[in-house]
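Asks: quick check, what structure comes out for this input:
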Amino acid sequence: MQPLTKSYSDPRSHHVVAGRHRGRWHLGAIAVVTGLALALAGCSVPSATEAPVTPSAWSSAAAKHNEADAQFAQMMVIHHQGAIEMADDVADRASTTAVRDLASRISAAQGPEIDQMASWLATWGEDAPQDADMMGMEHDGMDMGGMGQEDAMNALASATGVEVDRKFLELMILHHLGAVQMAEEEASGGQNSGAVDLARSIVDAQEAEIAEMKLLLSDLPPE
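Replies: Residues are numbered from 1 along each chain as shown. Now for the predicted structure:
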């Protein structure tokens, strides 16, 4: 399509266009431009029933949560930190490639989830995990068959050879079972859609890893 001003920018056409024709063209051009402007304006203006989504409206929706959401985020951050500590400890020490790979994957997956949950807590105006009052929030998911995080790390540190793999898998299975229980409680009792979605994702991912770890454990040579 040629520009609308083409006939007037070309000197060869000046002697053809009479003054009255030029005036009629200008009136027509104004009408066309005005019509285009109105059409574009009509496309960009929301209807009376469609209020535009503002940043403040998004923040308000994102901040909707209940006590279950806050406790889930606070406790799961700590729980994930424990899993990463264990995984990083054996990522280079495990005797099998499969266990080393699993440990690396656990660490890589749970790091971003920690960042997401910490961000939610800040948005909600809730205490960060290290500042939260955890009294009364004891949970089976925070231990591994009666063994706390410090005991688990000591057990891994004292293991050698294939025993590193075995001890890591046994402890991480228990650790994942605790996370699944915590996540299932959030999925059924949480209010924030993002936190509930993450909880369901944790259930799916960690149940799959539990099945994988049981297979790896069964493939290890006997003690």
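
Asks: can you give me the strands in this structure?
Replies: Read by DSSP state E, the chain holds no strands at all.

Asks: show me the shaky parts of this structure.
Replies: 1-61, 132-142 (pLDDT under 70).

Asks: could you chop it up by domain?
Replies: The record's domain split for the chain, according to automatic domain parsing, is 6-44, 55-219.

Asks: isn't residue 217 right next to residue 171, touching?
Replies: No. Taking contacts as C-beta atoms under 8 Å, residue 217 lies outside contact range of residue 171: 11.1 Å. All C-beta spots, glycine's among them, are computed from the backbone N, C-alpha and C.

Asks: higher neighbour count, these two?
Replies: The neighbour comparison of residue 217 against residue 171 (other C-beta atoms under 10 Å) goes to residue 171, with 24 against 16.

Asks: hmm, that one is touching residue 144, no?
Replies: Yes. With contact defined as C-beta under 8 Å, residue 171 counts as touching residue 144 (5.1 Å).

Asks: now for the two: what residues contact both?
Replies: Residues touching both residue 171 and residue 144 (C-beta atoms under 8 Å, 6 or more residues apart in numbering): residue 152.

Asks: tell me the contacts of residue 146?
Replies: Residue 146 neighbours (C-beta under 8 Å, 6+ apart): none.

Asks: ok, back up a step: just name the most buried of the domains of the chain.
Replies: Per-stretch averages of neighbours, counted by mean count of other C-beta atoms under 10 Å, single out domain 55-219 among those, with a mean of 17.

Asks: in this protein, which spans are helices?
Replies: Using DSSP state H, the helices of the chain run over residues 6-9, 19-44, 55-62, 67-90, 97-124, 149-158, 162-189, 193-219.

Asks: can you tell which of the ones you listed is closest to residue 130?
Replies: helix 67-90 (8.4 Å; C-beta to C-beta).
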